[in-house]
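generate a structure from the sequence data that follows.
(4 chains)
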4 protein chains.
Amino acid sequence: MRKTVSDLHAELVRYQLVAWTAGNVSGRIPGEDLFVIKPSGVSYDELTPETMVVCDLDGNLVEGEHAPSSDTAAHAYVYRHLPEVGGVVHTHSTYASAWAARDEAIPCVLTAMADEFGGEIPVGPFALIGDDSIGQGIVKTLKGHRSPAVLMRNHGVFTIGKDPKAAVKAAVMCEDVARTVHISRQLGEPLPIPQADVDRLYDRYQNVYGQRSPR
Amino acid sequence: MRKTVSDLHAELVRYQLVAWTAGNVSGRIPGEDLFVIKPSGVSYDELTPETMVVCDLDGNLVEGEHAPSSDTAAHAYVYRHLPEVGGVVHTHSTYASAWAARDEAIPCVLTAMADEFGGEIPVGPFALIGDDSIGQGIVKTLKGHRSPAVLMRNHGVFTIGKDPKAAVKAAVMCEDVARTVHISRQLGEPLPIPQADVDRLYDRYQNVYGQRSPR
Amino acid sequence: MRKTVSDLHAELVRYQLVAWTAGNVSGRIPGEDLFVIKPSGVSYDELTPETMVVCDLDGNLVEGEHAPSSDTAAHAYVYRHLPEVGGVVHTHSTYASAWAARDEAIPCVLTAMADEFGGEIPVGPFALIGDDSIGQGIVKTLKGHRSPAVLMRNHGVFTIGKDPKAAVKAAVMCEDVARTVHISRQLGEPLPIPQADVDRLYDRYQNVYGQRSPR
Amino acid sequence: MRKTVSDLHAELVRYQLVAWTAGNVSGRIPGEDLFVIKPSGVSYDELTPETMVVCDLDGNLVEGEHAPSSDTAAHAYVYRHLPEVGGVVHTHSTYASAWAARDEAIPCVLTAMADEFGGEIPVGPFALIGDDSIGQGIVKTLKGHRSPAVLMRNHGVFTIGKDPKAAVKAAVMCEDVARTVHISRQLGEPLPIPQADVDRLYDRYQNVYGQRSPR
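As a prediction, this is how the structure comes out:
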């Protein structure tokens, strides 16, 4: 799990979702109340399985030589309250954060959004770092929602998944559709996809293709 | 052909036409009712000639260890109905998809568009995955049209070519002109190119330069 | 210090803050009235610790085979008047320069801006190269301001830091937030963050996290 | 000269000025009525000093195994009519072409533009490939103009320089300022730089810095 989480940070860099050290991936250790997360203030080039840190579900450091990411409390809150979640990602990716700064959800106007997010990508509340506010905002917005991504107002994106790779995929796709829908709206109104078609696409992608590894 | 198709996926990555695994190239095997296509759910880094799969023109898997791309039915429909086509590419590239989400064709305001597309890049219908709807929309739009690219509404782009490389070139050029025309229109109206000049450019590029490998 | 400054130029390239040779990093040599800066007209690929040049605080060349950067006078003025500054960076990064060309400060609508800049990123005056005008504009704008970055009107960005790495981080984050806020404003008005929350975020980031290397 | 011209194409790729094979660099052979240019239809990865071709000033192939670039006639016309020019570059770079498609010159609102271009970047006429029209449009626009770059209407950019490297630098800087000024104008009007200051900046950059290799 240390290696998986360490390696997945390279995807954040590859898809240009992060500047400097502002983004992190974590993964729940199966069968234990622990998760692996990025250490604080270490650049992506220097990440190794050994530098990763392990925390309990209250966000306390259990193993590792570095302090855990400053976003650890939010990750921990998600793992504590959403037992089906095995991976969490946080970024300030440009287009997603641009929607978040306006407190606007991203409307579902692309079949790829229907597939992956099952409809719009919702906005969560403005919340300050330092207590459970961010974690609460994420869980309150995503619980029972199809979307694995939430745009936290004036802040950035959190995504969840059954494992860290799925959460990273959601972060990559979230920025991709945030950008395409933004650009489409710059010159007019993109056409909505009828709800029944959104449902059909989502159902097929999650169920039919889900069994044989999607696309 | 396996190697050609496998290698060409690197061009989709290089020109940033694809996020995660959302894009695919296929190539007809000359003289046979078969084509090579990307396997489903395999990342571009892991593609090799061996991982490619071979399908018949109904989209059935003939050879290979992975399931074929979830877009295989659309590729197969194109090969079945357009015998001159030897390569097909599908992407959700950003700017092309942005035009597609508004159901707007890209007007011909660049000499490079006249050369390559012979006029505007047309929009195809909204169509759901799961049957022949997407393939029908592609063929109906491109049959008899100069453009080797179609913007499928609320979805993405399909391009065709005499071989897979030509289809990849069309996908690269489609995104390039989709971006340039979008950006030009952000601050005013780009000037149209008179139809007679579009015809002259297209004719020269396809015929004169076509014989000595264009540009 | 030569090696540090030389290596940090690679970050300007990596984050695409510079075209051709139009950007430079300098670092004060601790305990001496000297600083290391990029030589003029040398491409980023060819920079080595040995090609770096050393200047005194009046901008005179003290050591090195190349002429110092044409922006040396501005760097020298900053070191002369802001003794706490250990690093200075100058770029023409795209989005920051776009705000500068309109003479507009970047409003604080992202928590990452509150963390790093403590509020808006201010604009400095229009100033010509050739005397102390640029240096004066930088120092007058940044002295007593929380922001380590100033947008020089019709020109580009200067950032400062306790060391060259901190100044480079400020340059990277400045372009990142300049881009995100620009994109957010393209489709509406981003919501401001209340001043009390900006203060709380800035205080926490600079003090609490400052002690254990931020993020 | 073959090696110089071959290597400089990598800068077009690095700065993302070209898609597929749509861009080319040429260089006059000092003391002879000949120039080296990119071969037609060869990808940038495959360029070597040996694949470059040599043409006379009427654009006829003198040496080389490939056909010369389809833009050779325009390059040749420039060398024939502007004897001080030692290098020519042609691209369809995105932002510059976007201004060209609207037939709009880029206003001088950045000190880097004043330095490098001495004022606005002008637009040339619409011209078809196949005779001397493009070459005439370039020469007529640039002769006696400070700018080494011309935006050819509905087409792309041509730049000139005392040698191929200077022409490539002009192409890189042209796209850089085309992008920055475009983005600045998206949210308001960038402030013009007074003509006297433009003159002062241009004079200094070309003369004072010109003698010790600019920046």
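
get me the contact residues on chain A for chain C.
Chain A comes close to chain C at residues A:19-22, A:40-41, A:67, A:69-70, A:92, A:94-95, A:97-99, A:101-104, A:126, A:128-130, A:153-156, A:182, A:185-186, as judged by C-beta under 8 Å from any C-beta of the partner chain. (Glycine included, C-beta is placed from N, CA and C.)

in strands, which of these appear?
A:Gly156 (DSSP state E).

among the residues of chain A next to chain C, name the buried ones.
The neighbour-count test (16 or more other C-beta atoms under 10 Å in any protein chain shown) marks A:19-22, A:40-41, A:67, A:69-70, A:92, A:94-95, A:97-99, A:101-104, A:126, A:129, A:153-156, A:182, A:185-186 as buried among the residues of chain A next to chain C.

near chain B, which of those show up?
Okay, of those touching chain B (C-beta under 8 Å from any C-beta), that's A:Gln186.

what's the angle from the longest helix along chain A to helix D:164-186?
In chain A, with assignment by DSSP state H, the single longest helix is helix A:164-186. Following axes from the mean of the first three to the mean of the last three C-alpha atoms, to 10 degrees, one obtains 80 degrees for the angle between helix A:164-186 and helix D:164-186.

tell me if helix A:164-186 is near chain D.
No. Figure legend: helix A:164-186 not in contact with chain D (C-beta under 8 Å from any C-beta); closest approach 9.0 Å.

so where's chain A shaky on pLDDT?
For chain A, the stretches with pLDDT under 70 are A:208-215.

around chain B, which positions in it sit nearby?
Proximity of chain A to chain B (C-beta under 8 Å from any C-beta) is limited to residues A:15, A:109-112, A:169, A:172-173, A:176, A:179-181, A:183-184, A:186-191, A:193, A:197, A:200-201, A:204, A:209, A:212-215.

repeat that with 6 Å
Residues of chain A lying near chain B by C-beta under 6 Å from any C-beta of the partner chain: A:109-112, A:169, A:172, A:176, A:179-180, A:183-184, A:187-188, A:190-191, A:193, A:209, A:212-213, A:215.

coming back round to it: just the ones of the residues of chain A next to chain C in helices?
Among the residues of chain A next to chain C, the members found in helices (DSSP H) are A:94-95, A:97-99, A:101, A:182, A:185-186.

between those residues, which is closest to chain B?
Relative to chain B, the closest of those is A:Gln186; by C-beta to the nearest C-beta it sits at 6.3 Å.

so who does A:Ala74 touch?
Taking C-beta atoms under 6 Å, 6 or more residues apart in numbering or on different chains, we find A:Ala74 in contact with A:134-135.

tell me the gap between stretch A:5-19 and the middle of its chain.
Using C-alpha atoms, centre = their mean, to the nearest Å, the mean C-alpha position of stretch A:5-19 is found 12 Å from that of the whole chain.

quick one: it near chain D?
No. Stretch A:5-19 stays clear of chain D (C-beta under 6 Å from any C-beta), getting no nearer than 13.3 Å.

would you mind listing the buried residues in that stretch?
A:5-9, A:11-13, A:15, A:17-19.

residues making contact with it?
By C-beta under 6 Å, 6+ apart, stretch A:5-19 touches A:23, A:25, A:27, A:36, A:44, A:47, A:49, A:52, A:91, A:93, A:164, A:168, A:172, A:175, C:172, C:176.

ok, now with 7 Å
A:23, A:25-27, A:36, A:38, A:44, A:47-49, A:52, A:91, A:93, A:164-165, A:168, A:171-172, A:175, B:19, C:15, C:172-173, C:176 (C-beta atoms under 7 Å, 6 or more residues apart in numbering or on different chains).

next one: stretch A:49-66
A:2-3, A:5-6, A:33-40, A:42, A:68, A:72-73, A:76, A:79-80.

separation between the closest residue to A:Asp176 other than its chain neighbours and chain C?
In space, and not counting its chain neighbours, A:Asp176 is closest to B:Ala19: 4.1 Å by C-beta to C-beta, 6 or more residues apart in numbering or on different chains. Distance of B:Ala19 to chain C, computed by C-beta to the nearest C-beta, to the nearest Å: 18 Å.

over to A:Gly27?
Remark: distance between A:Gly27 and chain C (C-beta to the nearest C-beta) = 19 Å.

could you look up the SS state of that residue?
Look at A:Gly27: counting by DSSP: H, G, I helix; E, B strand; the rest coil, its state is strand.

what's the answer for the one 3 residues further on, then?
At A:Pro30, secondary structure determined by three-state DSSP is coil.

not counting residues beside it along the chain, what's closest to it?
Nearest non-adjacent residue to A:Pro30, counting by C-beta to C-beta, 6+ apart: A:Gly86, 7.3 Å away.

go on, A:Ile138?
Closest to A:Ile138 by C-beta to C-beta, 6+ apart is A:Phe158, at 4.9 Å.

now the one you found: which helix or strand?
Assigned by DSSP states H and E, A:Phe158 belongs to strand A:156-161.

mind exporting that strand as CSV, just the C-alpha atoms?
Extracted C-alpha coordinates of strand A:156-161, given in CSV (Å, rounded to 0.1, in the frame of the first residue of the first chain):
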residue,chain,number,x,y,z
GLY,A,156,-10.2,22.6,-4.4
VAL,A,157,-11.3,19.0,-5.0
PHE,A,158,-11.6,15.8,-2.9
THR,A,159,-12.3,12.5,-4.6
ILE,A,160,-13.0,9.1,-3.2
GLY,A,161,-12.8,5.5,-4.5
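
now do the buried residues in it.
Buried residues in strand A:156-161, counting neighbours by 16+ other C-beta under 10 Å, are found at A:156-161.

take the residues you listed and write them to CSV, including distance to A:Gly144.
Below are these laid out as CSV (distance: C-beta to C-beta, whole Å):
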residue, distance to A:Gly144
A:Gly156, 22
A:Val157, 19
A:Phe158, 16
A:Thr159, 16
A:Ile160, 13
A:Gly161, 16
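
so A:Asp56 versus A:His81, what's the distance?
According to C-beta to C-beta, to the nearest Å, A:Asp56 and A:His81 sit 15 Å apart.

A:Ala73 now?
Remark: distance between A:Ala73 and A:His81 (C-beta to C-beta) = 13 Å.

got it, and A:Glu104?
According to C-beta to C-beta, A:Glu104 stands 26 Å off from A:His81.

same deal with A:Val42?
A:Val42 sits 28 Å away from A:His81, going by C-beta to C-beta.

which one of those two is surrounded by more residues?
Taking neighbours as other C-beta atoms under 10 Å in any protein chain shown, A:Val42 and A:His81 compare with A:Val42 leading, 20 against 17.

count of residues packed around the closest residue to the more buried one other than its chain neighbours?
In this structure, A:Val42 finds its nearest non-sequential neighbour in A:Thr51, 5.8 Å apart by C-beta to C-beta, 6+ apart. Neighbour count for A:Thr51, taken as other C-beta under 10 Å: 15.

A:Pro68 now?
Using other C-beta under 10 Å, A:Pro68 is surrounded by 26 other residues.

what's opposite it in the beta bridge?
A:Pro39 (DSSP bridges).

wouldn't it be in contact with A:Val42 here?
No. In this structure, A:Pro68 is not within contact of A:Val42 by C-beta atoms under 7 Å, at 10.8 Å.

right, I'll call it a day here.
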